[in-house]
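Peer 1: Just the structure for this:
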Amino acid sequence: MKSDALLRDAVRLTNHPSNVNDNRDLAEMTREPRFFFVCGRCDMLVREEDERCQFCGAVFVPNEYEEPVEATPENVQEESGIRPMPPLDGEVPAPPEPEVQTKVAHKVDVIEMLEDEHANLEIERYSGGASRAHSYASILLKNTEKIIQEAADFGADTEKANKYLIFARRAFREGRISQAISLAEKARKVLIPNVTLLIRGQISCMREAMIEMKHRGKPLTPMIIEMKTIQKALKDSRIDKAIKQTRSLMRETRKAQMELLEGLGSHPLSFGQPDPDSGVSEGI
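Peer 2: Prediction:
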């Protein structure tokens, strides 16, 4: 009788309304753990068995092409680093874990940063790009004017180049930057044939002097190296550099010849304006 009374008391206590929730919680805790996923629309956590998101109403469609992977607590922990806790019945599901929220917020920050960078590039394209073109045209005109002056001092015909330069300056003042750059480049190009012919004539005369110095035992290695530098400058259409190197080589050749012929009563070759028809084929 005593044991029957104890059994009835146990049943009565178990079914008592105050203990129903505790018993239900205990049953939930002894079940297999549930697995949660992130909704692709609102990034909230949803249960594996849910067919619709409880937050945004998105309908979940199974991926027929995805290979089935057995979901285990170990797999879930490896993917997210957090072992999910199943919500109790009647309890509102908790918001996403802080780590998930941080990743989503970071992605939004990256997208906003890329959009701002793209906007800055567009602004630079229309404002900064035009400013750089204006600066480039200004520098190009100054350098072209300097090259034309050097070519004129060297004895080249600069009439066509000066005309192009005048038109280029006018276009630059009127804001036609692209046309100004094009005309300045043409001014340089028309100088190349005439300057090249003059340099080849000077080198032809210097070679005659070098041959004479070679027979008298004068080392010519530095002069030959400088002559190759002139050849490279002409090949690259760097007429300003070619003129500068040619003048330097003329001074060195004249100085070496004077030292070699000093006291012998001979006179060095004159490196003045050469005859274009003589010795040009022996040039560079």
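Peer 1: Every contact and neighbour count from this point should use C-alpha atoms.
Peer 2: Fine.
Peer 1: Which stretches in this protein count as helices?
Peer 2: Here the chain has its helices, by DSSP state H, at 2-14, 17-30, 73-80, 98-123, 129-154, 159-173, 177-189, 192-215, 221-235, 239-261.
Peer 1: check contacts around the nearest residue to A152 once chain neighbours are set aside.
Peer 2: Nearest residue to A152, sequence neighbours excluded (C-alpha to C-alpha, 6 or more residues apart in numbering): T158, at 6.1 Å. Counting by C-alpha atoms under 8 Å, 6 or more residues apart in numbering, T158 touches 148, 151-152, 191.
Peer 1: of all the residues you listed, which comes closest to R173?
Peer 2: Proximity of these to R173 (C-alpha to C-alpha) peaks at I148, which lies at 20.1 Å.
Peer 1: what sits against the closest one?
Peer 2: 158, 161-162, 188, 191.
Peer 1: So, low pLDDT: which residues of this protein?
Peer 2: Low-confidence segments of the chain (pLDDT under 70): 1-37, 43, 61-130, 263-284.
Peer 1: ok, now with 90
Peer 2: 1-140, 142, 144, 146-158, 173-182, 185, 188, 191-242, 244-246, 248-284 (pLDDT under 90).
Peer 1: Give me the domain ranges for it.
Peer 2: If you go by automatic domain parsing, the domain ranges for the chain are 14-95, 102-189, 194-261.
Peer 1: so how many other residues sit close to K163?
Peer 2: When neighbours are counted by other C-alpha atoms under 10 Å, K163 registers 12.
Peer 1: how close does it get to A187?
Peer 2: 8 Å (C-alpha to C-alpha, to the nearest Å).
Peer 1: what do you get for K218?
Peer 2: To A187, K218 is 41 Å away according to C-alpha to C-alpha.
Peer 1: Looking at those two now, which is surrounded by more residues?
Peer 2: Comparing K218 with A187 by other C-alpha under 10 Å, the one with more neighbours is A187, at 27 against 14.
Peer 1: Which residue is the nearest non-sequential neighbour of that one?
Peer 2: Using C-alpha to C-alpha, 6+ apart and skipping the chain neighbours, the partner closest in space to A187 is A161 (4.3 Å).
Peer 1: Does the one you found touch L191 like I think?
Peer 2: Yes: using C-alpha atoms under 8 Å, A161 is in contact with L191, at 6.6 Å.
Peer 1: quick one on the thing from earlier: go through the contacts of I148 and say which is closest to C39.
Peer 2: Nearest to C39, judged by C-alpha to C-alpha, of the contacts of I148 is R188 at 65.9 Å.
Peer 1: which residues touch the closest one?
Peer 2: Neighbours of R188 in contact, by C-alpha under 8 Å, 6+ apart: 144, 147-148, 161.
Peer 1: of all those, which two lie farthest apart?
Peer 2: I147 and A161 (9.9 Å).
Peer 1: The contacts of I148 into TSV, with extra columns for distance to K235?
Peer 2: As requested, the contacts of I148 are exported to TSV (distance: C-alpha to C-alpha, whole Å):
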residue	distance to K235
T158	20
A161	20
N162	23
R188	14
L191	14
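Peer 1: and of those residues, the nearest to G40?
Peer 2: Once C-alpha to C-alpha is applied, the member of the contacts of I148 that ends up nearest G40 is R188, at 62.5 Å.
Peer 1: any idea how far Q149 is from the closest one?
Peer 2: Counting by C-alpha to C-alpha - R188 and Q149 are separated by 11 Å.
Peer 1: any residues in contact with both of those two?
Peer 2: Here R188 and Q149 have no joint contacts, going by C-alpha under 8 Å, 6+ apart.
Peer 1: Near R52, how many other residues are there?
Peer 2: Neighbour count of R52, defined by other C-alpha under 10 Å: 15.
Peer 1: Enumerate the beta-bridge partners assigned to it.
Peer 2: In this entry, R52 is beta-bridged to V59, by DSSP bridges.
Peer 1: Was I right to think it contacts L45?
Peer 2: No: when contacts are counted by C-alpha under 8 Å, R52 is not listed as touching L45 (11.6 Å).
Peer 1: quick revisit: any chance of the contacts of T158 in TSV with distance to K232 as columns?
Peer 2: TSV is the format used below for those (distance: C-alpha to C-alpha, whole Å):
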residue	distance to K232
I148	20
A151	18
A152	22
L191	17
